[in-house]
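1. Kindly return the folded structure for what I paste below:
(one chain, ligands or ions: 1)
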Amino acid sequence: MQPVIVCPACGAKNRIPEEKQHLTPKCGRCGASLAGVPISGKVNHLSDAAFHAQVEQSNLPVLVDLYSPTCGPCRIIAPVVEALAREYAGRLLVFKLDTSSQQMTAARFQIRGVPTLLFFQNGQLVDQLVGAAPRSEIEQRIVQLIN
Ligand code: ZN
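-> Got it, this is the predicted structure:
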């Protein structure tokens, strides 16, 4: 599926063609700027500072992949998370958060190890998976989340 940006002002789903992703996008319905709005269909980088606005106020269900650059299982799971982000474009927002530089979110959700996947719906943590889970198990959680 093609990447989509959900307009925070009016909720319209804007398809952003690959060749236009470097431009400052605007909502096709209401004209609001979509600069800095996370893209559904790819893995977006997340910081502790942006967590509230991008995860807790999202109008799409959210998957957050908490990882560390030095963690082997995290590197195994990363392409799986990327593939799932593409597959669920328009229905799910996916983020990765580097716990070696961003520690507040991990502390808040009492993350004991990486990789940990957190699943949010309407700003609430509803599910989590610890360790490098197989694709089918992650996808099952996503399906529950978006239905
Ligand atoms: Zn709009």
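
2. Going by C-alpha atoms from here, please, whenever you check contacts or count neighbours.
-> OK.

3. what residues does the protein put near the ion?
-> 7, 10, 27, 30 (C-alpha under 5 Å from the ion).

4. Mind doing that once more with 6 Å?
-> Remark: the part of the chain in contact with the ion comprises 7, 9-12, 27, 29-32, using C-alpha under 6 Å from the ion.

5. Touching whichever helix or strand Ala83 is part of from outside, list them.
-> With elements taken from DSSP states H and E, the one containing Ala83 is helix 72-87. Residues external to helix 72-87 that are found in contact with it (C-alpha atoms under 8 Å, 6 or more residues apart in numbering): 1-3, 40-43, 65, 67-69, 92-94, 114-115, 131-133, 135, 139.

6. run the last query once more with 7 Å
-> When contacts are defined by C-alpha atoms under 7 Å, 6 or more residues apart in numbering, helix 72-87 is touched by residues 1, 41-43, 67-68, 94, 114-115, 132, 135.

7. Pull the number of nearby residues for Ala49.
-> Counted with other C-alpha atoms under 10 Å, residues neighbouring Ala49 total 11.

8. how far away is it from Thr105?
-> Counting by C-alpha to C-alpha, to the nearest Å, the gap between Ala49 and Thr105 amounts to 9 Å.

9. ok, now Gln121?
-> Taking C-alpha to C-alpha as the measure, Gln121 and Thr105 are separated by 17 Å.
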